[in-house]
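Asks: What would the 3D arrangement of this be:
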Amino acid sequence: MEYEITLKKTHINWGIYRHTDTRDKIPEEGYIPIPLNIAKEYNILNSNSGNIMEYEIYSEDGVLKGDIVIPSGSNEKGSIYAKQFQGKGNLKLIGKWYQQLNASPGDKLLITIEKNKIFVKLKKESF
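Replies: Modelled structure (predicted):
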């Protein structure tokens, strides 16, 4: 299964550009969004489901190589479908990767999921 998203500033630096002020701003946090239709079609569930799957993540550049990410969050309160992948116990995992690649809003991210493995490739937008 494969999908592509366009990165926004909140994906790249989630710890700073949050929709709520429930905690202090934390630089370098980032996540990989999961469109709701993808989460539903491929049953990518969050903790509300009572069952969280762990995924190994690998980046084409070799920076991410087997780190563990989990699906989390939801678009609606109580929903079982995840809205993002984030580092398990490390919310800076994805954000630091974005920073190393100098990711910017408008760049494309290609996500491929095969069983419990995720492969990611950043495609820079040229302006």
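Asks: from here on, contacts and neighbour counts on C-alpha atoms
Replies: Will do.
Asks: Strands along the protein, start to end?
Replies: 2-6, 32-33, 55-59, 65-72, 84-87, 108-114, 117-123 (DSSP state E).
Asks: could I have the third one exported to CSV, CA atoms only?
Replies: These are the backbone C-alpha positions of strand 55-59, laid out as CSV (Å, rounded to 0.1, in the frame of the first residue of the first chain):
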residue,chain,number,x,y,z
TYR,A,55,5.9,-0.4,12.6
GLU,A,56,9.6,-0.3,11.7
ILE,A,57,10.4,2.8,9.6
TYR,A,58,13.0,3.1,6.9
SER,A,59,13.9,6.2,4.9
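Asks: Let's test this: mean pLDDT of it, rounded?
Replies: The pLDDT scores in strand 55-59 average 98.
Asks: got it, and the shortest one?
Replies: Summarised as a single mean, pLDDT over strand 32-33 is 96.
Asks: in its sheet, what does it sit against?
Replies: Strand partners for strand 32-33, identified by DSSP bridges, are recorded as strand 84-87 (antiparallel).
Asks: List the contacts of the helix or strand of the chain with the lowest mean pLDDT.
Replies: When the helices and strands of the chain are scored by mean pLDDT, DSSP states H and E, helix 9-12 comes last with a mean of 89. Defining contact as C-alpha atoms under 8 Å, 6 or more residues apart in numbering, one finds that helix 9-12 is touched by 16-18, 28-33, 94-95, 98-99, 103-105.
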